[in-house]
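>>> no sequence on this one, just coordinates:
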């Protein structure tokens with residue numbers, strides 16, 4: 001016969017008990033990988049756009065920002081308890097020299113900042129900068145956010161450009177700024193999704 005203490009413990013932990021009375025751990029969502037290419041306008045159905053002009057053209061996702069400083073977020077419509085890796089192939093459109101921006105939960109990168117020839121990396125306050133703009137307009141680059149233990153790394157074309165402590169979780173968002181145009185050919189995210197959380201935009205709105 002179960003004691004009052006054991007019943008309270010089960011209730012507090014939200015765990016289940018087996019036939020022999022032992023406590024089973026709560027179910028943890030399984031990790032999965034979502035890989036996307038962009039071939040038709042229907043490929044945007046799994047995203048939430050808050051502003052800007054987003055379209056699929058010739059196998060490429062293209063986003064152009066208004067020139068008025070509005071943040072035109074395009075957020076993948078799934079929330080993740082943990083994000084292990086985000087992999088993007090893309091960059092700035094030819095003739096658009098600034099502002100390929102990307103946020104993975106609380107972490108964000110601004111490649112080719114509009115005010116100086118640098119790139120900026122941040123979780124809240126600016127936590128790192130590069131010595132140059134990094135992206136070549138019109139060329140595709142491989143951009144990877146990767147969780148490594150208790151910290152995360154940002155890689156560009158197999159080179160580490162930033163790393164710091166912190167956990168990646170929440171949503172993934174792409175966005176240009178101030179009239180710039182960005183392009184993405186491939187997108188993949190590996191993590192543990194939380195279907196119970198409805199996505200309306202970035203979980204940690206970047207700037």
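In hand now; what should we look at? Everything numeric here is computed off the predicted structure, so don't read it as measured data. Numbering: from 1, shown residues only.
>>> looking at this structure, which helix or strand does the model trust least?
Within the chain, judged by mean pLDDT, DSSP states H and E, the helix or strand with the poorest mean is helix 4-13; its value is a mean of 36.
>>> quick one: contacts for the spatially most central residue of the chain?
Geometric centre of the chain, nearest residue: residue 172, 2.4 Å, by Cα atoms, centre = their mean. Contacts here follow Cβ atoms under 8 Å, 6 or more residues apart in numbering; on that basis residue 172 touches 75-76, 80, 83, 86, 102-105, 189. (Each C-beta comes from the backbone N, C-alpha and C, glycine too.)
>>> swap in 10 Å and give it another go.
When the contact criterion is Cβ atoms under 10 Å, 6 or more residues apart in numbering, the partners of residue 172 are 34, 47, 74-80, 83, 86, 88, 102-105, 145, 187, 189, 191, 199, 202-203.
>>> ok, residue 109 next?
Residue 109 sits in contact with 100-103, 119-122, 128, 130, 134, 143, 145, 154, 156, 161-162, 206, where contact means Cβ under 10 Å, 6+ apart.
>>> just the buried subset of those residues, please.
Neighbour counting with 16 or more other Cβ atoms under 10 Å marks 100-103, 119-122, 130, 134, 143, 145, 154, 156, 161-162, 206 as buried within the contacts of residue 109.
>>> out of those residues, which are inside strands?
Judged by DSSP state E, these include 100-103, 120-122, 143, 145, 154, 156, 161-162 as members of strands.
>>> from these, which has minimum pLDDT?
For these, the minimum pLDDT belongs to residue 122; the value there is 89.
>>> now the residue nearest to the centre of the chain: how far from residue 93?
Counting by Cβ to Cβ, to the nearest Å, the gap from residue 172 to residue 93 is 20 Å.
>>> how is the protein divided into domains?
Taking automatic domain parsing as the criterion, the chain consists of the domains 1-26, 31-193.
>>> which one of those has the most crowded surroundings?
Among those, judged by mean count of other Cβ atoms under 10 Å, the one packed with the most neighbours on average is domain 31-193 (a mean of 18).
>>> now it, how far from the chain's geometric center?
In terms of Cα atoms, centre = their mean, to the nearest Å, the centre of domain 31-193 is set 7 Å apart from its chain centre.
>>> and the end-to-end length of it?
The straight-line separation of the ends of domain 31-193 (Cα to Cα, to the nearest Å) is 7 Å.
>>> ditto for stretch 31-46
In stretch 31-46, first residue to last residue: 19 Å (Cα to Cα).
>>> tell me the mean pLDDT over it?
The predicted model gives stretch 31-46 an average pLDDT of 94.
>>> phi, psi of residue 69?
Torsion angles at residue 69 (phi, psi; degrees, to the nearest 10) stand at phi 90, psi 0.
>>> repeat that for residue 118.
Taking degrees, to the nearest 10, you get phi -140, psi 170 for the backbone angles of residue 118.
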